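1. Quick one, what's the 3D model for this:
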Amino acid sequence: MAYHHGDLREAVLAAAAAAIERDGVAALSLRALARDVGVTHTAPRHHFGDKRGVVTALAAQGYRLLAQAIRDTAGSSSLLDSGVTYTEFARTHPAHFSVMFRPDLVAGDDPDLRNAQEDLYAALTAAVRAFTSRGDGVGVAEGSARETSIARAAWSMAHGFATLARSGNFPLGPGQSEADLARETLGHLGGP
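-> Residues are numbered from 1 along each chain as shown. The predicted structure follows:
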């Protein structure tokens, strides 16, 4: 086994995501990740320290990916689109989503994690701002208590839907995709 690897950090995170999707976070081990990536069993420790470090880094990566996905759709001025994007992220990145909101699994004081969490919150509030300033006179002041309240409500609704959908609580109708169901349910966020 080799110690050197082109981008060990990213390779370990990709292997961790695959392992969590396959076996769950409880079964995750640095030794198995090293084997999956083809490096010595101590190599991942140099980047992450321990299993908690890997999970923390995976959560931070998830926050950043989700923030970027929301920023990419926020230009539509539809809070609904951002909510659907959120639920799609949960479906397409199940390992990330399963560790992102688990303070028992991550090092909450990790600066990279905190920055990534703040990045997601900034993307969510920007989506709220775009929605409320679309010309119908509903606008809210940046950083206001109302903006924060709307962002929390929208986040709670999208997160709740995503979590319940991932758990199989929403059976799909004939020909209906999870995105269709999300759009129908989250339509209460406003839009078209």
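
2. which residues of the protein score low on pLDDT?
-> Along the chain, segments meeting pLDDT under 70 span 1-5, 74-77, 134-139, 189-192.

3. Show me how it divides into domains.
-> Here the domain parsing of the chain from the TED database is 1-49, 51-188.

4. Using a markdown table, lay out these together with mean neighbour count.
-> Every C-beta, even on glycine, is put in place using the N, C-alpha and C of the backbone. Below are the domains of the chain laid out as a markdown table (neighbours: other CB atoms under 10 Å):
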| stretch | mean neighbour count |
| --- | --- |
| domain 1-49 | 16 |
| domain 51-188 | 17 |
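
5. and for stretch 164-183, what are the contacting residues?
-> Applying CB atoms under 8 Å, 6 or more residues apart in numbering, the contact partners of stretch 164-183 are Leu80, Gly83, Val84, Thr87, Glu88, Ala90, Arg91, Pro94, Phe97, Phe161, Ala162, Thr185.

6. out of those residues, who's nearest Ala57?
-> Phe97 (15.1 Å; CB to CB).

7. give the contact list for the residue lying closest to that closest one once chain neighbours are set aside.
-> Excluding its sequence neighbours, the residue lying closest to Phe97 (CB to CB, 6 or more residues apart in numbering) is Ala90, at 4.4 Å. Going by CB under 8 Å, 6+ apart, Ala90 touches Phe97, Ala162, Thr163, Ala165, Arg166.

8. So which of the residues you listed sit within helices?
-> Secondary structure from DSSP state H places Phe97, Ala162, Thr163, Ala165, Arg166 of the contacts of Ala90 in helices.

9. Toward the C-terminus, what is the element adjacent to the longest helix seen in the chain?
-> The residue-count maximum for a helix in the chain (DSSP H) belongs to helix 51-74. Downstream of helix 51-74, the first helix or strand assigned by DSSP states H and E is helix 79-92.
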